[in-house]
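**Q** Sharing a model that was predicted from the sequence below.
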Amino acid sequence: MAENYIYTIVKKESLANSIYLMDVKAPRVAKSCYPGQFVIVKMDEKGERIPLTICDYDREAGTVTIVFQALGSSTQLMATFEEGEAFRDFTGPLGHKSELIDMQREEVLKKKILFVAGGVGAAPVYPQVKWMKENGYDVDCIIGARNKDLIILEDRMRPFTENLYITTDDGSYGFKGNVNDCIKDLVNNQGKKYDLVIAIGPMIMMKFVCILTKELGIQTIVSMNPVMVDGTGMCGACRLTVGNEVKFACVDGPEFDGHMVNFDEAMKRLQMYKSEEGKVVLRQKEGPTHHHPGCECHEETSNN
Amino acid sequence: MDVLKKVPVREQDPKVRATNFTEVCYGYNLEEAMEEASRCIQCKNAKCIAGCPVAIDIPAFIKEIKDGNTEEAFKVISKFSALPAVCGRVCPQESQCEERCIRGIKGEPVSIGKLERFAADWARENNIRPEMPQEKNGRKVAVIGAGPAGLTCAGDLAKMGYEVTIFEALHEPGGVLVYGIPEFRLPKETVVKTEIDNVRALGVTIETNVVVGKSITIDELMEEEGFEAVFIGSGAGLPKFMGIPGENANGVFSANEYLTRSNLMKAFDSSYDTPIIAGNKVAVVGGGNVAMDAARTALRLGAQVYVVYRRGEAELPARVEEVHHAKEEGIIFKLLTNPKEILVNENGWVCGMRCVTMELGEPDESGRRKPVEKPDSDFVLEVDTVIMSLGTSPNPLISSTTKGLNTNRYKCIIADEETGLTSREGVFAGGDAVTGAATVILAMGAGKAAAVGIDNYLKSK
């Protein structure tokens, strides 16, 4: 670890098997960031630029909280970083803050809002739910995961929402079913009415939430997590089709109207560096032993 | 020696260099440089100087080289330019200083660019650094973007005694010199790093990972951090796409993405983590210098490469030298050809590009003959990768977060050509953020002009 790196990890916590939380010293980011925005971290000289949505921030302490899942080799290496060690680079905040933050108070109060967090998506949902409560808005929230062990941030979330619903695919904790089953249960069986859903999680989850909420007629915001390089609009790797327009997730998003997003295209693009063809191309060029850590770290790892 | 001809410069063999990323051009040695310098006739009224956007006293530095005083030559250049080793390599001298050289009337002009490069390389190899300015005046100026415009502006202001901080959005300073121009044209560790260190040696602070407009606004820099003036040199911006079907398929990249992966993230070197998809058959769409850089990068990564351009060879916007190098290395030029659709297989990957043949009609607004489609001339170019090199549109990060900063209809920041002053008091701008994508040296010229503009503004304040 180079000693001149300044973005020091002041706290590290294991949230679940292979899911970690870190508070990182980054005063400029901590001072200016809002829920919904993301940062780009680079571990060392040869590392990738990895986008991660901001999970929390402490303006006075000058720290920003990130959460990641160690899946690819970049994030596995990140998981070995300990308190006191530092990142080479930590840039942000990038992207737009959540629309709710600048919305007229009366407008927000009119809406009954449901947050839906899938897996590591609980990390970017958490600061939004917290912000809502601190600004006097009551919202509902679902945290879903495959099983009990993968439910994260429940204790942190609880003080900020009266109605926190936990759901697991295997029923090992809370409601049994995926987040869509849980939304259906709330709307159909428990008489809940929502005007706005904010769904953040793996793209496949967001896609299916959007199909459901479209049927239910509920406006839905999603946070997109495509492959990125610079994160400032320069490269266009993160482009998506939203409605009939091409948008860059980094500067136009990361949050978009979920009913307008072309998820199938976005999911294919997410596979670019990990699908078979991509791997074959890479192997041909670089031999069989080379690892491409970034390939795996974008879907579930970067929780954006 | 034929005095009408340039002393030839040694280059890496095209067949060899097509497979590596080391520099194509070796540059002059002392003997060659002195010989070439002796071709300069030391005009009293040297027209070459007026052709240089930063007005280097060209005959003066060439005379020092001729006399064997390379260190003095470097010092002469350093009075005018902070990035001579860069400019000696990437300036379009053929349309600037060398175009006006008297030698060029009958025969070839003096090889001013190669001589500049020689002096700068010699200084670096012999550890000659520019001198630190003697006195600081205690006044703070912020520069946004550590590219050619920002580095030049910061260096000049530091020489005048200002306390300058450059805020750079990326993790490395250099702007297009590190993310855009490839290693084989502009070595990063030696050339670029040294010249940036030279700017630091003038007393300039560079803070990386600060995205102005997001991490901090211009208003905050001025109101909270005590900067009395700001120079915006934030560069070109967002890559353009054609808007044809299939453009979001896997295997379609902007030239910016492709080059950023290879140059800034060093994906060509397998010990770095960032991946790049080299492609087997690559089409680069566009005919500018960036297109040549992308094509030659893909070639070095092992691909067969086409440059697809809708006009003819004479209209190629790239430098003749770059086109010549590309051809030597085996790039295939598909001229008068325009893409209509990118063909996509069932897995979402590029499997071809449907193109149409063009012919040149009447000249358009740009003075170039306008290409028009030939009827029924569609054909499919078999490629698995497409790199779009169509230019950029301005990044709104700064203009949208700075009150009172006016932009034109292309969303470029409006700045006075002479002084760099924008519509906001104390805020100056220059380079691609003002002009749209242009050259390194024009950005440096704008940075230089703005340094004078800022000095005059602060003195009168």
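**A** Structure received.
**Q** which SS class is B:Asp293?
**A** The local conformation at B:Asp293, judged by DSSP: H, G, I helix; E, B strand; the rest coil, is helix.
**Q** how about the nearest residue to it, chain neighbours excluded?
**A** Distances taken as Cβ to Cβ, 6 or more residues apart in numbering or on different chains place B:Pro182 nearest to B:Asp293, at 5.2 Å, with adjacent residues excluded. (C-beta placed from N, C-alpha, C; glycine too.)
**Q** Name the helix or strand for the one you found, please.
**A** Take DSSP states H and E as the rule and B:Pro182 turns out to sit in neither a helix nor a strand.
**Q** what's near enough to touch it?
**A** B:21, B:259, B:262-263, B:293, B:296-297 (Cβ atoms under 8 Å, 6 or more residues apart in numbering or on different chains).
**Q** at 6 Å what do you get?
**A** B:263, B:293, B:297 (Cβ atoms under 6 Å, 6 or more residues apart in numbering or on different chains).
**Q** Which strands and helices lie in contact with whichever strand or helix holds the last one?
**A** Under the criterion of DSSP H and E, B:Thr297 resides in helix B:289-300. The elements that helix B:289-300 packs onto, with contact taken as 3 or more Cβ pairs under 6 Å, 6 or more residues apart in numbering or on different chains; DSSP states H and E, are helix B:255-259, strand B:281-285, strand B:304-308, helix B:320-329.
**Q** Contact residues of the stretch 1-150 of chain A facing chain B?
**A** By the rule Cβ under 6 Å from any Cβ of the partner chain, the part of the stretch 1-150 of chain A lying against chain B is A:28, A:32, A:42, A:46-48, A:74, A:89, A:91, A:93.
**Q** pLDDT score for the residue nearest to B:Asp293?
**A** B:Pro182 is assigned a pLDDT of 96 by the prediction.
**Q** B:Pro275 now?
**A** Reported pLDDT at B:Pro275 in the predicted model: 89.
**Q** you'd agree it is in a helix?
**A** No - the assignment for B:Pro275 is coil, going by three-state DSSP, so no helix is present there.
**Q** just checking, it touches A:Tyr273?
**A** Yes - applying Cβ atoms under 6 Å as the test, B:Pro275 and A:Tyr273 come out as touching, 5.0 Å apart.
**Q** Check which residues of the host helix or strand of B:Ala450 are buried.
**A** In the assignment (DSSP H and E), B:Ala450 maps to helix B:440-460. Of the residues in helix B:440-460, those buried under the neighbour-count criterion (16 or more other Cβ atoms under 10 Å in any protein chain shown) are B:440-455, B:457-458.
**Q** Show me which residues of chain B are close to chain A?
**A** B:169, B:171, B:209, B:211, B:214-215, B:238-239, B:248, B:250, B:254, B:256-257, B:260, B:270, B:272-275, B:277-278, B:302, B:348-349, B:395.
**Q** Selecting buried members of those residues in PyMOL, what would you type?
**A** Restricted to buried positions by 16+ other Cβ under 10 Å, the PyMOL selection for these reads:
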select buried, chain B and resi 169+171+209+211+214+215+238+239+248+250+254+256+257+260+270+272+273+274+275+277+278+348+349+395
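**Q** picking that back up, mind putting the helices and strands packed on helix B:289-300 into JSON lines with mean pLDDT?
**A** Output for the helices and strands packed on helix B:289-300, formatted as JSON lines (pLDDT from 0 to 100):
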{"stretch": "helix B:255-259", "mean pLDDT": "96"}
{"stretch": "strand B:281-285", "mean pLDDT": "97"}
{"stretch": "strand B:304-308", "mean pLDDT": "97"}
{"stretch": "helix B:320-329", "mean pLDDT": "94"}
